[in-house]
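Asks: coordinates for the following, if possible.
(chains A, B, C and D)
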There are 2 protein chains.
Amino acid sequence: MHEREPVAVTVDLVIFTIRGGQLHVLLIERGKEPFLGRAALPGGYVRKGETLDEAALRELAEETGLDGRRLHLEQVRTYGDPGRDPRGRVITVAYLALGPDMPVPMAGTDARAARWEAVLPVLGGEVPLAFDHEVILREALERARSQLEYTTVAAAFCPEPFTIADLREVYEAVWGVVLDPSNFRRKVTRAEQFLETTGERRILDAGRPAALYRRGPAWLLSPPLLRAGEVARAQVSAASLR
Amino acid sequence: MHEREPVAVTVDLVIFTIRGGQLHVLLIERGKEPFLGRAALPGGYVRKGETLDEAALRELAEETGLDGRRLHLEQVRTYGDPGRDPRGRVITVAYLALGPDMPVPMAGTDARAARWEAVLPVLGGEVPLAFDHEVILREALERARSQLEYTTVAAAFCPEPFTIADLREVYEAVWGVVLDPSNFRRKVTRAEQFLETTGERRILDAGRPAALYRRGPAWLLSPPLLRAGEVARAQVSAASLR
DNA sequence: CCCCTAAAGGTTGCATTGACTTTAAATCGT
DNA sequence: ACGATTTAAAGTCAATGCAACCTTTAGGGG
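Replies: Model (predicted):
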């Protein structure tokens, strides 16, 4: 047997939502060293007898007060470079969570302040993050963008019932582009089992009332909703993210 | 602080190759308890000071004798259910490796026999695997199938130089379908920076000589090579895999 | 020399897409 | 009351992409 060392395992959560047409991520302010006072992704140690998914759900509930079973939650990747945590060998399993605009999150159990922060400024370096959390955030964003193409997760951002314009706003916020409303409607309504009509309508201050939908049973989106053309070009210019 | 427990971290490798037109995976025979004598994925403990990727590369070299830097290697997912290893809390980071048909692998450091096994019979339950390795294998296969659509990894299965027919054989073996040679050629030659012509040709017993290519610098495949139509239908029938 | 084989390239008809236009259904201002 | 305004929803159309099929090319062998 070769050299082993004590290892700690944590989960870190990248919790996305849409606020005011912009993609936001939940950050906490660290209440202890290392990186005291720095912004960081919420997360914590995996406990005895707990699966990784259970640990992620628990941390989600602790940080946001929300029941994670209603949110979309999926594992992204595991980070375990020896130097990523100055306290010793800590490997962390990163999770991606998507949900509708949520109440201002309550402070976590460590009495750390939690807040929503717009994603792009954070990745632009305006809000420095603790540990390797900026890398984790960047990869989680790319995962989320990719997931919108092939799955119906976008609906996880929308409180039900929602309109097609609500759904389009999700795609625009996550992909960072503007989509043609008419073509978008054609695609999502054609996709099988994506949307179920409720028969009701939402009346706003102005304009024709919009039909209301809820999520259909489909998980995979067929045909996929590819970001191409304008979308691809807009993201090439933002390729510094990779 | 809540209950913690000692945790061990391992990497497990799903190493795929194509042999005789069929997708094969490298399995070892366990040389100790638990699951003594059972087939399992190669893997081992992450050592002190080692990144996860380094641990995967090292295990790959130990099990196959090959230099992993020439193979494609990527992280798939981490498995950490409390009951997955009877020895205690072991979480494992699964890696996917793709390479050309390799020499019969040498026995690993634990003097365990290593062999290539066709993937579909294993997933069909004909070769029971240790731990949760069948789940890991299933998810790695799905990842590999998906990767063929959007990236140029298929070329990692082909020793250079290779023909377009060689490349098509990879897609057919991994996706489990038959592709139209003409349409396949059009797609892969259109894709930018995927293939570089060598100017040479391979002459077989019969037929027109095939042009030889090597990998181009592109990693992302644009436009993607989607499995649709016949491919999608063939995989619905194999959907028991999910 | 002709046939066989596999590679390479071409043709065609259908489905999808992006850009744009038109119609529909509500509120608001005068 | 009624048209202006606003947004949703539906339609049009040319260009593109693709699967299926067909033709030509370049080797070897009888």
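
Asks: what mean pLDDT does the lengthiest strand in chain A have?
Replies: Once chain A is assigned using DSSP state E, the strand that runs over the most residues is strand A:8-19. The average pLDDT for strand A:8-19 rounds to 96.

Asks: quick one: residues contacting A:V14.
Replies: Going by C-beta atoms under 8 Å, 6 or more residues apart in numbering or on different chains, A:V14 touches A:V25, A:L41, A:V76, A:A94, A:Y95, A:L96, A:A97, A:I136, A:L137, A:A140, A:L141. (Glycine included, C-beta is placed from N, CA and C.)

Asks: now the residues you listed as CSV including secondary structure and pLDDT?
Replies: Formatted as CSV, the contacts of A:V14 follow (DSSP: H, G, I helix; E, B strand; the rest coil; pLDDT from 0 to 100):
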residue, secondary structure, pLDDT
A:V25, strand, 96
A:L41, coil, 96
A:V76, strand, 98
A:A94, strand, 98
A:Y95, strand, 98
A:L96, strand, 97
A:A97, strand, 95
A:I136, helix, 98
A:L137, helix, 98
A:A140, helix, 98
A:L141, helix, 98
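
Asks: could you dump these to TSV with neighbour count and distance to chain B?
Replies: Output for the contacts of A:V14, formatted as TSV (neighbours: other C-beta atoms under 10 Å in any protein chain shown; distance: C-beta to the nearest C-beta, whole Å):
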residue	neighbour count	distance to chain B
A:V25	26	22
A:L41	27	17
A:V76	21	9
A:A94	26	9
A:Y95	27	11
A:L96	23	13
A:A97	27	16
A:I136	24	13
A:L137	22	17
A:A140	26	14
A:L141	22	17
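
Asks: from these, which is closest to A:R202?
Replies: A:A97 (26.4 Å; C-beta to C-beta).

Asks: isn't the closest one up against A:A61?
Replies: No: at 11.0 Å, A:A97 and A:A61 do not qualify as touching, with contact defined as C-beta atoms under 8 Å.

Asks: quick check: neighbours shared by these two?
Replies: Residues touching both A:A97 and A:A61 (C-beta under 8 Å, 6+ apart): A:G68.

Asks: how deep is A:D205 tucked in, by neighbour count?
Replies: For A:D205, the count of nearby residues is 4 (other C-beta atoms under 10 Å in any protein chain shown).

Asks: any idea whether it is helix, strand or coil?
Replies: Here A:D205 is recorded as coil under DSSP: H, G, I helix; E, B strand; the rest coil.

Asks: verify the contact between A:H24 and A:R115 for me.
Replies: No: taking C-beta under 8 Å as the definition, A:H24 is not a contact partner of A:R115, at 9.2 Å.

Asks: mind listing the shared neighbours of the two?
Replies: Counting by C-beta under 8 Å, 6+ apart, nothing touches both A:H24 and A:R115.

Asks: tell me the bridge partners for the residue lying closest to A:Y45 once chain neighbours are set aside.
Replies: The shortest distance from A:Y45 to any non-neighbouring residue, by C-beta to C-beta, 6 or more residues apart in numbering or on different chains, is to A:T10 (5.4 Å). A:T10 has these beta-bridge partners by DSSP bridges: A:Y45, A:T92.

Asks: okay, and the helix or strand of chain A with the least pLDDT?
Replies: Ranking every helix and strand in chain A by mean pLDDT, DSSP states H and E puts helix A:230-237 at the bottom, with a mean of 45.

Asks: contact residues of chain A facing chain B?
Replies: Residues of chain A found near chain B (C-beta under 8 Å from any C-beta of the partner chain) are A:1-9, A:45-52, A:75, A:77-82, A:89, A:91, A:93, A:222-224, A:228, A:232.

Asks: just the buried residues of these.
Replies: Burial by neighbour count, judged by 16 or more other C-beta atoms under 10 Å in any protein chain shown, picks out A:7-9, A:45-47, A:50, A:52, A:75, A:77-82, A:89, A:91, A:93, A:224 from the residues of chain A next to chain B.

Asks: residue boundaries of the strands in chain A?
Replies: In chain A, strands defined by DSSP E lie at A:8-19, A:22-29, A:39-40, A:43-45, A:72-79, A:90-98, A:114-118, A:195-202, A:210-215, listed in chain order.

Asks: could you redo these as a markdown table and give each row distance to B:R19?
Replies: Below are those laid out as a markdown table (distance: least, C-beta to C-beta, whole Å):
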| stretch | distance to B:R19 |
| --- | --- |
| strand A:8-19 | 37 |
| strand A:22-29 | 45 |
| strand A:39-40 | 47 |
| strand A:43-45 | 43 |
| strand A:72-79 | 30 |
| strand A:90-98 | 34 |
| strand A:114-118 | 50 |
| strand A:195-202 | 45 |
| strand A:210-215 | 43 |
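
Asks: nearest to DNA strand C, out of those strands?
Replies: Nearest of the strands of chain A to DNA strand C, taken as C-beta to the nearest atom of the strand: strand A:195-202 at 6.3 Å.

Asks: low pLDDT regions in chain A?
Replies: Scanning chain A with the threshold set as pLDDT under 70 gives A:1-3, A:104-112, A:228-242.

Asks: find the closest residue to DNA strand D in it.
Replies: Nearest residue of chain A to DNA strand D: A:G207, at 2.1 Å (C-beta to the nearest atom of the strand).

Asks: contacting residues for that residue?
Replies: Counting by C-beta under 8 Å, 6+ apart, A:G207 has no contacts.

Asks: one more: A:Q147?
Replies: A:Q147 makes contact with A:V153 under the criterion C-beta under 8 Å, 6+ apart.

Asks: go again with 10 Å.
Replies: Shown in contact with A:Q147 (C-beta atoms under 10 Å, 6 or more residues apart in numbering or on different chains): A:H72, A:E74, A:L96, A:L98, A:V153, A:A154, A:A156, A:V174, A:L221.

Asks: repeat that for A:T189.
Replies: Contacts for A:T189 (C-beta under 10 Å, 6+ apart) come out as A:I164, A:L195, A:T197, A:A211, A:Y213.

Asks: could you list the domains of chain A?
Replies: Domain ranges of chain A: A:8-132, A:149-241, per automatic domain parsing.

Asks: DNA strand C: which of those domains is closest?
Replies: domain A:149-241 (3.2 Å).

Asks: would you mind naming what in chain A lies close to DNA strand C?
Replies: Neighbours of DNA strand C within chain A, by C-beta under 7 Å from any atom of the strand: A:180, A:182-183, A:186-187, A:190, A:201, A:203, A:205-209, A:223, A:226, A:228-230.
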